[in-house]
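J.: 3D, please:
(chains A and B)
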2 protein chains.
Amino acid sequence: MTSPVVQHHYPEIFAHCYGCGRMNDLGLQLKSAWEGDEVVARYTPRPEHIAIPGFVYGGLLASLIDCHAMATAAAHAVRLAGRTIGEGETPRYVTAALHVDYLKPTPLGPELVIRARVAETGKRKVVVRMTVTADGIETARGEVVAAPLPGSMG
Amino acid sequence: MTSPVVQHHYPEIFAHCYGCGRMNDLGLQLKSAWEGDEVVARYTPRPEHIAIPGFVYGGLLASLIDCHAMATAAAHAVRLAGRTIGEGETPRYVTAALHVDYLKPTPLGPELVIRARVAETGKRKVVVRMTVTADGIETARGEVVAAPLPGSMG
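T.: Presented below is the predicted three-dimensional model:
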C-alpha cells in the first residue's frame, strides 16, 4: 500500500523543479510516496544518463537523492501534522546540504529504487538518509539536510 | 591564459558523460580548464534547470560540481606528471563521494562560475574543493572525493 505521490501535491508555484516538478516537461518528474515507514521513489535512467559505458552518471543519482529527500521531509511533516498526503497543502523544503557516497558503480538499465527515512528533525532542519539500489544491490547512499522554504524564496 | 579543455582530451570511450561528455548531445557538456592555479568551469543553466521560480535546481549544481571535480583531479594528475592538457592521455576519475553545501539560493539566469583546487592527494584518492558563484556571489561549496577509474569499469 502506497500513499499518493508527494510531488503531485506541492503547490503549483513550486511544482516546476527539474528533478521532480510535475509541471516541468523537460525534467525527471521523480515521484515519491510512502511505503510503510519509508518514502520510496523509483526511476529508470534514460540512455543519455550515462557516466561511462554501462553505468549511471553520478550527477543523476545526486539529483534523485536531492529531490527525494525534499519529498521525504515534506511527507514526514504532513504525517507529523496528523494528515495524509493530499489532505491540505504539502510543504516545500529546500536543500541546505547534500552528501552522496558512491559505494559501487550503478548499472545503467535497471530501475533504481530510492528508500528514505527521516533521521533527525529540528525546528529549522530535517536530516534524511537514503539508499539507492539497482537490481537489489545497494550502489549509493545519501544524506541530505532539508530546510523549510524561506519566505524570501516563495 | 587558460589551458585546453580537460574534457576534450578524455579518451573517446569515456567522453559520453551526461554532465561533461563531448559526445553526449543531450548532456550539459561542461568544460573545465586551468586558469592559473585553479581549474575553472563556466555554465549558464537552461530555463528548465529551475528549482522554484527564479532559482537553479540543486541537482544541477551537484552535477556540475561532480563533473568539474573529476576534471580537476585529471588536470592535476597531468600537471603532476609534468605534462599539459592535450599532451598524451588525460586520465579519467570517478566519484567516490560528493558533498555540497547550498549557502544561499542560486539565481537562475546568470552564468555560474565554478572554481576548484585539489585539497588533498593520495594514491587512491584526490579531494577537490570548489566554489560556485553567480554574479560574483558565492552560492554553493563542494567537496568531492575522486578515485582513478577502476579497471573493472574501463
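J.: does A:G19 touch A:I65 like I think?
T.: No - A:G19 lies out of contact with A:I65 (Cβ atoms under 8 Å); the separation is 9.5 Å. Yep, even glycine has a C-beta here, placed from its N, CA and C like the rest.
J.: low-confidence ranges in chain A?
T.: A:1, A:151-154 (pLDDT under 70).
J.: can you map out the strands along it?
T.: If DSSP state E is used as the criterion, the strands of chain A fall at A:32-35, A:38-43, A:93-102, A:112-121, A:126-134, A:137-148.
J.: ok, which of these comes nearest B:S3?
T.: Judged by Cβ to Cβ, the one of those that comes nearest to B:S3 is strand A:93-102, at 27.4 Å.
J.: against which helices or strands is that closest one packed?
T.: Of the remaining helices and strands, those touching strand A:93-102 by 3 or more Cβ pairs under 8 Å, 6 or more residues apart in numbering or on different chains; DSSP states H and E are helix A:58-80, strand A:137-148, helix B:58-80, strand B:93-102.
J.: dump the ones you listed into TSV; add mean neighbour count and distance to A:I52 as well.
T.: Formatted as TSV, the helices and strands packed on strand A:93-102 follow (neighbours: other Cβ atoms under 10 Å in any protein chain shown; distance: least, Cβ to Cβ, whole Å):
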stretch	mean neighbour count	distance to A:I52
helix A:58-80	27	11
strand A:137-148	20	15
helix B:58-80	27	11
strand B:93-102	22	8
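J.: in TSV, list those along with distance to B:Q7.
T.: As requested, the helices and strands packed on strand A:93-102 are arranged in TSV below (distance: least, Cβ to Cβ, whole Å):
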stretch	distance to B:Q7
helix A:58-80	14
strand A:137-148	23
helix B:58-80	6
strand B:93-102	12
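J.: the closest residue to A:Q7 other than its chain neighbours: how many residues sit nearby?
T.: With Cβ to Cβ, 6 or more residues apart in numbering or on different chains as the criterion, A:Q7 has its nearest non-adjacent residue at 4.7 Å, and that residue is A:C20. Using other Cβ atoms under 10 Å in any protein chain shown, A:C20 has 30 neighbouring residues.
J.: ok, A:A116 next?
T.: Other residues lying near A:A116 total 24 when counted by other Cβ under 10 Å.
J.: what of the one 10 residues further on?
T.: Residues contacting A:V126 under the criterion other Cβ under 10 Å number 24.
J.: leaving out the residues flanking it, which one is nearest to it?
T.: That would be A:A73: by Cβ to Cβ, 6+ apart, it lies 4.2 Å from A:V126.
J.: can you give me the distance of that neighbour to chain B?
T.: 13 Å (Cβ to the nearest Cβ, to the nearest Å).
J.: alpha carbons only: can I get stretch A:81-101 in CSV?
T.: Extracted in CSV, the C-alpha atoms of stretch A:81-101 (Å, rounded to 0.1, in the frame of the first residue of the first chain):
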residue,chain,number,x,y,z
ALA,A,81,0.6,17.0,11.5
GLY,A,82,-1.7,14.0,11.6
ARG,A,83,-2.6,14.4,7.9
THR,A,84,-2.1,12.2,4.8
ILE,A,85,-0.6,13.3,1.5
GLY,A,86,-3.3,15.2,-0.4
GLU,A,87,-5.1,16.5,2.6
GLY,A,88,-4.3,20.1,2.7
GLU,A,89,-1.0,21.6,1.3
THR,A,90,2.2,19.7,1.2
PRO,A,91,5.0,21.9,2.5
ARG,A,92,8.0,22.6,0.3
TYR,A,93,11.5,22.2,1.6
VAL,A,94,14.9,23.3,0.1
THR,A,95,18.3,21.6,0.3
ALA,A,96,20.8,23.0,2.7
ALA,A,97,23.4,20.3,2.3
LEU,A,98,23.7,17.1,0.2
HIS,A,99,26.1,14.2,0.7
VAL,A,100,26.4,11.1,-1.5
ASP,A,101,28.6,8.1,-1.1
